[in-house]
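Peer 1: here is a sequence with its predicted model. Questions after.
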2 protein chains.
Amino acid sequence: VASLPEPISRLVAVLSKLPGVGPRSAERIALHLVQNEEGAVRSLAEAILQARQKISECQTCGSLTEQQPCIFCADPRRDHALICVVERAVDILSLEKAGVFHGVYHVLGGKISPLNGVEPEDLRVTELEKRCVDSAVSELIIALPSDVEGDATSYYLNKLFTNRGVKVTRLAHGLPVGSGLESADELTLSRALEGRRQFSS
Amino acid sequence: VASLPEPISRLVAVLSKLPGVGPRSAERIALHLVQNEEGAVRSLAEAILQARQKISECQTCGSLTEQQPCIFCADPRRDHALICVVERAVDILSLEKAGVFHGVYHVLGGKISPLNGVEPEDLRVTELEKRCVDSAVSELIIALPSDVEGDATSYYLNKLFTNRGVKVTRLAHGLPVGSGLESADELTLSRALEGRRQFSS
């Protein structure tokens, strides 16, 4: 916009690259920031830089961490023989919020996708193999998304690690708890039917 | 969340104070930033600081500007006898995007609101009086929002400046162009009826 001073329009441009921030909300945030008190603006800029500088990937599992190894890998109360394989570091958050998993994690860093030039070598597969050799791993739980690439990656990992004698499982697919049949898509319904279980008596 | 490293949760807290950014999108942005390349993160932090430092209020009209006076007040092609009074600096943007106003602006900085302790002295009213004395002002166009406080402020300004011989007008209220009767609320309809005009022949 011609009427926006240059430092504001530059800020709008940078802000609109953030995930979930469109041009209008970028403009709203930028105009808020330039009119906000200087201290608050400075602490936002510092929080951004600090977070980026202090956070790195855990050298063992690839999660986002301030220290090496991360709080999951360093926690003796967790079951280190049970590794949950996720696509991105962010996925760990969802599992931790649910609070139902007490093993450790392994961030793959992506999915195998020959079309996009992503081969197993580009993912943290070698690191996972090394973990399975170095310590006694009883089970790998694959928690990759169930799209074409996620499925291909899951099958690849299943084959690779089953051949090495590691038990490989996968998160169940089915109806979300609390929602009825009418809101489920066909693929979810077919998976829910496939995975049907007997009532426990 | 217990599982978020402290620098990230601090960043989430600061980000969720931004307008239109809820806790979930703050988390999404924070996780994006800590995993983004360092250069991009640094330029975001710098754009924020630069914008805050370089932008100030125009000493004449109160708009957001990099130089004194602002591009509107400094523009000889604009009609400086025609002043549009807006509540916030942001409102100027909407008018400039429409591109139909060629006068200058005056940012009031708020609305009179005795309940919230906002009196005329807390707004940029004295500055507006000074502008009307210093230079020949032919018309003040009040473009404040039409809520209770906006209306009260409009009437106050109308009385104040009419008494000094300045013509005071107000933006028209009515049906938005392109929308039918069914989408207009009662107040808008009553204003549209009040302000009805003859067809120009």
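Peer 2: Perfect, thanks for sending it. From a predicted model like this one, the values you see are computed outputs, not experimental measurements.
Peer 1: low-confidence ranges, chain A, go.
Peer 2: Low-confidence segments of chain A (pLDDT under 70): A:1-2, A:200-201.
Peer 1: could you pull out the helices for it?
Peer 2: Taking DSSP state H as the criterion, chain A contains helices spanning A:6-15, A:23-35, A:38-54, A:89-98, A:125-134, A:148-162, A:186-194.
Peer 1: reformat the ones you listed as a markdown table; add mean neighbour count.
Peer 2: C-beta coordinates here come from the backbone N, C-alpha and C atoms, glycine included. A markdown table is the format used below for the helices of chain A (neighbours: other C-beta atoms under 10 Å in any protein chain shown):
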| stretch | mean neighbour count |
| --- | --- |
| helix A:6-15 | 20 |
| helix A:23-35 | 19 |
| helix A:38-54 | 17 |
| helix A:89-98 | 17 |
| helix A:125-134 | 15 |
| helix A:148-162 | 17 |
| helix A:186-194 | 12 |
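Peer 1: of those helices, which is nearest residue B:54?
Peer 2: For the helices of chain A, proximity to residue B:54 was assessed by C-beta to C-beta; helix A:6-15 is nearest, at 4.5 Å.
Peer 1: what's that closest one packed up against?
Peer 2: For helix A:6-15, the elements it packs on are helix A:23-35, helix B:38-54, judged by 3 or more C-beta pairs under 8 Å, 6 or more residues apart in numbering or on different chains; DSSP states H and E.
Peer 1: ok now that helix, how far from the chain's centre?
Peer 2: On the basis of C-alpha atoms, centre = their mean, to the nearest Å, helix A:6-15 sits 30 Å off its chain's mean C-alpha point.
Peer 1: so that helix versus helix B:89-98, what angle?
Peer 2: For helix A:6-15 against helix B:89-98, the angle by axes from the mean of the first three to the mean of the last three C-alpha atoms, to 10 degrees is 90 degrees.
Peer 1: now render the helices of chain A as a markdown table, adding distance to residue A:79.
Peer 2: A markdown table is the format used below for the helices of chain A (distance: least, C-beta to C-beta, whole Å):
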| stretch | distance to residue A:79 |
| --- | --- |
| helix A:6-15 | 42 |
| helix A:23-35 | 42 |
| helix A:38-54 | 28 |
| helix A:89-98 | 14 |
| helix A:125-134 | 14 |
| helix A:148-162 | 17 |
| helix A:186-194 | 27 |
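Peer 1: for chain A, what's the longest strand?
Peer 2: Secondary structure of chain A per DSSP state E: the longest strand is strand A:79-86.
Peer 1: is chain B within reach of that one?
Peer 2: No: Strand A:79-86 lies apart from chain B when judged by C-beta under 8 Å from any C-beta of the partner chain; the minimum separation is 12.9 Å.
Peer 1: one step back: among the helices and strands packed on helix A:6-15, which comes closest to residue B:117?
Peer 2: The closest of these to residue B:117 is helix A:23-35. By C-beta to C-beta, the value is 20.0 Å.
Peer 1: now do the closest one: everything it contacts.
Peer 2: Here helix A:23-35 makes contact (C-beta atoms under 8 Å, 6 or more residues apart in numbering or on different chains) with A:4, A:7-8, A:11-13, A:15-16, A:18, A:21, A:41, A:44, B:18-21, B:48, B:51-52, B:55, B:64, B:89-90, B:93.
Peer 1: how close does residue A:70 sit to residue A:14?
Peer 2: For residue A:70, the distance to residue A:14 (C-beta to C-beta, to the nearest Å) stands at 30 Å.
Peer 1: check residue A:195 too.
Peer 2: Distance of residue A:195 to residue A:14, computed by C-beta to C-beta: 45 Å.
Peer 1: residue A:65 touches residue A:55, doesn't it?
Peer 2: Yes: at 6.9 Å, residue A:65 counts as touching residue A:55 under the criterion of C-beta atoms under 8 Å.
Peer 1: list residues touching both of the two?
Peer 2: Residues touching both residue A:65 and residue A:55 (C-beta under 8 Å, 6+ apart) are residue B:5.
Peer 1: next one: phi and psi at residue A:37?
Peer 2: Dihedral pair for residue A:37: phi -70, psi 150, per degrees, to the nearest 10.
Peer 1: what number of residues lie near it?
Peer 2: A count of nearby residues for residue A:37, using other C-beta atoms under 10 Å in any protein chain shown, gives 8.
Peer 1: ok, now how distant is it from residue B:62?
Peer 2: According to C-beta to C-beta, residue A:37 stands 17 Å off from residue B:62.
Peer 1: show me what residue A:105 bridges to in the sheet.
Peer 2: Here residue A:105 sits in beta bridges with residue A:84, as judged by DSSP bridges.
Peer 1: repeat that for residue A:118.
Peer 2: Here residue A:118 sits in beta bridges with residue A:113, going by DSSP bridges.
Peer 1: what sits against it?
Peer 2: Going by C-beta under 8 Å, 6+ apart, residue A:118 touches A:110, A:111, A:112.
Peer 1: and which of these is nearest to chain B?
Peer 2: Using C-beta to the nearest C-beta, residue A:110 is the member of the contacts of residue A:118 that lies nearest chain B, at 12.2 Å.
Peer 1: isn't that closest one up against residue A:87?
Peer 2: Yes: with contacts counted by C-beta under 8 Å, residue A:110 reaches residue A:87, the gap being 6.6 Å.
Peer 1: kindly provide the distance from residue A:83 to residue A:181.
Peer 2: Using C-beta to C-beta, residue A:83 is found at 34 Å from residue A:181.
Peer 1: more neighbours: which of these two?
Peer 2: Just comparing residue A:83 and residue A:181: by other C-beta under 10 Å the higher neighbour count belongs to residue A:83, 23 against 9.
Peer 1: buried residues in stretch A:70-85, which are they?
Peer 2: Neighbour-count burial for stretch A:70-85 flags A:70, A:71, A:72, A:73, A:78, A:80, A:82, A:83, A:84, A:85 (criterion: 16 or more other C-beta atoms under 10 Å in any protein chain shown).
Peer 1: who's in contact with the last one?
Peer 2: By that I understand residue A:85. Residue A:85 makes contact with A:105, A:106, A:108, A:128, A:140, A:141, A:142, A:143, A:144, A:157 under the criterion C-beta under 8 Å, 6+ apart.
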